[in-house]
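Colleague: Provide a 3D model corresponding to the input given below.
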Amino acid sequence: MTFKNNRVIVVSSTVLITVFLAGCSFPSEFLLPSLTGEAPSSDTSVAKSQPTKAPQTPTYVQPPNQPPTIGTSKFEPNGVTSGSNTGTFVGQKAIELRNELRRLQANISKNNGTLQTVRGKIVQDSQNYHGAVSAINARLQVGTTPGNPVLVGQFNQALSDLKKIGDDISNMNLLTTNVTADSTLAAFLAENTRAAYRLSGAIDADHQQLSILEDEVNRTVVLIDRLLKELTEDIQRQTNYVSTERSNLNTLSAAVKSGELMGSSLTNRALTAATSGTSNRRATSRSLVGRRPLVVIRFNRANVAYDQALYNAVSRILERRPSATFELVAVAPALGGAARVALNSNKARRNAESVMRSLQRMGLPPQRIAVSARTSQAAQSNEVHLYLN
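Modeller: Here you go, the predicted model:
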């Protein structure tokens, strides 16, 4: 399905045309004004199939959420300057402080080695993850069968690789605990070094050694602060990345199930809403009088395939209105007696709940979706209408 001049044009195989006509219809008015400034079409008829045209598939565009950059700094201490034993109490104190600093710097070197190892593993796991996802999307782009076992296996591998990245983040969190302990020890060491100046019985050589030691302690404190800052930033970026990719995997799961290429999670398409202060906007039911739905899904047969059409419609809206909320309306035919209407209403409600779960798998937050129900004299079968709030 492609969009041209704000009209829905179906270009597909016979099978997909049958599914589309039996399952979904798109009033063209749901499209927002085009980027060329043309007004949307007022033609509200359902798009007709064009079986004479060659099948087309949507063009896959690599989503922007690539692995975030990881810090590359190495945190190796410069070492501790040796000193002499002056035989005084202050000189002995300087020796003790110097030994403590050596132990502290040894911890820093060990933590630095651990950090570089974890960073390398994150890079490898990220490459494996995106390799699996790219293979799935490449296969979906040229078309495949619903629930293709090969893609299911690749999806499970991607899921495993993403879990490994989550484990890497856990290891970085453990490393943060160790570095924080070193930071506390460094602050204690710096305070004791300054306090040693105030001890009586020192000679000039003691203060000279304390001066050198104080500089080295201060440099060590700065090194630990830099390590902790970069480690915290790495964890934050990777945590956000994994959270985003989990949402994308939900959408990819729906794509593998339907055998049709979709794209990134609807959550990621609406991320700009956070910067406008409307990311927590909650959907509420509104009057539907005089309004046309974005999508009409007719459940006039079993196993209606609506995921791809639904995803395309919602993603286009979110591209233009990142904070948009939606309303799903379960429409039941008002035909037959009261018992028949009640039965149809229950079925329509379950259909609406199924559509809502599909939107959630695609990444649309549940608080963005309101659900209501009504009956219609015009409806010939159970339908689910999607409206823009």
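
Colleague: could you pull out the strands for this structure?
Modeller: 2-4, 7-9, 24-25, 295-298, 326-333, 369-376, 383-388 (DSSP state E).

Colleague: Report the buried residues of stretch 194-213.
Modeller: Across stretch 194-213, burial judged by 16 or more other CB atoms under 10 Å covers 196, 202, 205-206, 209-210, 212-213. Bear in mind the C-beta positions are built from the backbone N, C-alpha and C, glycine included.

Colleague: among the residues you listed, which are in helices?
Modeller: 196, 205-206, 209-210, 212-213 (DSSP state H).

Colleague: can you put those in JSON lines and add distance to S134?
Modeller: What follows is these, written out as JSON lines (distance: CB to CB, whole Å):
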{"residue": "A196", "distance to S134": "60"}
{"residue": "A205", "distance to S134": "65"}
{"residue": "D206", "distance to S134": "64"}
{"residue": "Q209", "distance to S134": "59"}
{"residue": "L210", "distance to S134": "59"}
{"residue": "I212", "distance to S134": "55"}
{"residue": "L213", "distance to S134": "54"}
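
Colleague: ok, which pair from these is furthest apart?
Modeller: A196 and A205 (13.3 Å; CB to CB).

Colleague: what about stretch 329-348, distance to the chain center?
Modeller: 39 Å (CA atoms, centre = their mean, to the nearest Å).

Colleague: Output the below-cut-off pLDDT ranges for the stretch 251-389 of the chain.
Modeller: Applying pLDDT under 70 to the stretch 251-389 of the chain flags residues 263-265, 267-286.

Colleague: Mind doing that once more with 50?
Modeller: Applying pLDDT under 50 to the stretch 251-389 of the chain flags residues 271-279.

Colleague: Could you count how many residues lie near the nearest residue to L101 once chain neighbours are set aside?
Modeller: Sequence neighbours aside, V80 is the residue nearest to L101 in space, at 5.2 Å (criterion: CB to CB, 6 or more residues apart in numbering). Neighbour count for V80, taken as other CB atoms under 10 Å: 20.

Colleague: Got the phi and psi for V80?
Modeller: Phi and psi for V80, reported as degrees, to the nearest 10, are phi -120, psi 130.

Colleague: Am I right that it is in contact with E216?
Modeller: Yes: using CB atoms under 8 Å, V80 is in contact with E216, at 6.0 Å.

Colleague: Identify the contacts common to these two.
Modeller: The contact sets of V80 and E216 overlap at L101 (CB atoms under 8 Å, 6 or more residues apart in numbering).
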